[in-house]
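Participant: can you look at this prediction? I've put the sequence above it.
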Amino acid sequence: MEKSNLIINYLPAHIQENDLAEMCEPFGPYQSVKIVRDKNTGMSMGFGFVNYEENASAEAAVKKLNGLELPQHPGTWHGSG
């Protein structure tokens, strides 16, 4: 089974991993969801990653969610691998 990784930029500081996972679930099975955080403060650095199990799921997520207006910022979704 092929994997596909997405990077999500411009995430609002209040978005948590479970929020991001909830947005990603409708597009197919994923292996991981991670928001990158400052190691000293634990605060979100405004971007994260989703690792889908299939390219088709990742492509569907990008088509539907790229530019989605999250509170305070639109997120951008890009394939990273």
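Facilitator: Received, thanks. Numbering: from 1, shown residues only.
Participant: now the helices for this protein?
Facilitator: 17-24, 55-65 (DSSP state H).
Participant: so what's the residue nearest to residue 36 when sequence neighbours are not counted up against?
Facilitator: Nearest residue to residue 36 in three dimensions, chain neighbours excluded: residue 45, at 4.7 Å (C-beta to C-beta, 6 or more residues apart in numbering). Quick note: C-beta positions are derived from backbone N, CA and C, even for glycine. Counting by C-beta atoms under 8 Å, 6 or more residues apart in numbering, residue 45 touches 36-38.
Participant: which secondary element of this structure has the worst mean pLDDT?
Facilitator: Within the chain, no helix or strand scores below strand 73-74, which has a mean of 50 by mean pLDDT, DSSP states H and E.
Participant: low pLDDT regions in this protein?
Facilitator: Low-confidence segments of the chain (pLDDT under 70): 1-3, 69-81.
Participant: rerun that using 50 as the cut-off
Facilitator: 1, 73 (pLDDT under 50).
Participant: can you give me the buried ones in stretch 11-28?
Facilitator: 11, 15, 20, 23-24, 27-28 (16 or more other C-beta atoms under 10 Å).
Participant: want to throw these into a markdown table with distance to residue 63?
Facilitator: Shown next, in a markdown table, are the buried residues of stretch 11-28 (distance: C-beta to C-beta, whole Å):
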| residue | distance to residue 63 |
| --- | --- |
| 11 | 19 |
| 15 | 20 |
| 20 | 17 |
| 23 | 13 |
| 24 | 13 |
| 27 | 9 |
| 28 | 13 |
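Participant: name the nearest of those relative to residue 5.
Facilitator: Among the buried residues of stretch 11-28, residue 24 lies closest to residue 5 (C-beta to C-beta), at 12.0 Å.
Participant: residue 53 and residue 5, how far apart?
Facilitator: Separation of residue 53 from residue 5 (C-beta to C-beta, to the nearest Å): 11 Å.
Participant: same check on residue 41?
Facilitator: Between residue 41 and residue 5 the computed distance is 25 Å (C-beta to C-beta).
Participant: so for these two, which sits in the more crowded spot?
Facilitator: For residue 41 and residue 5, the more surrounded residue by other C-beta atoms under 10 Å is residue 5, and the numbers stand at 16 against 8.
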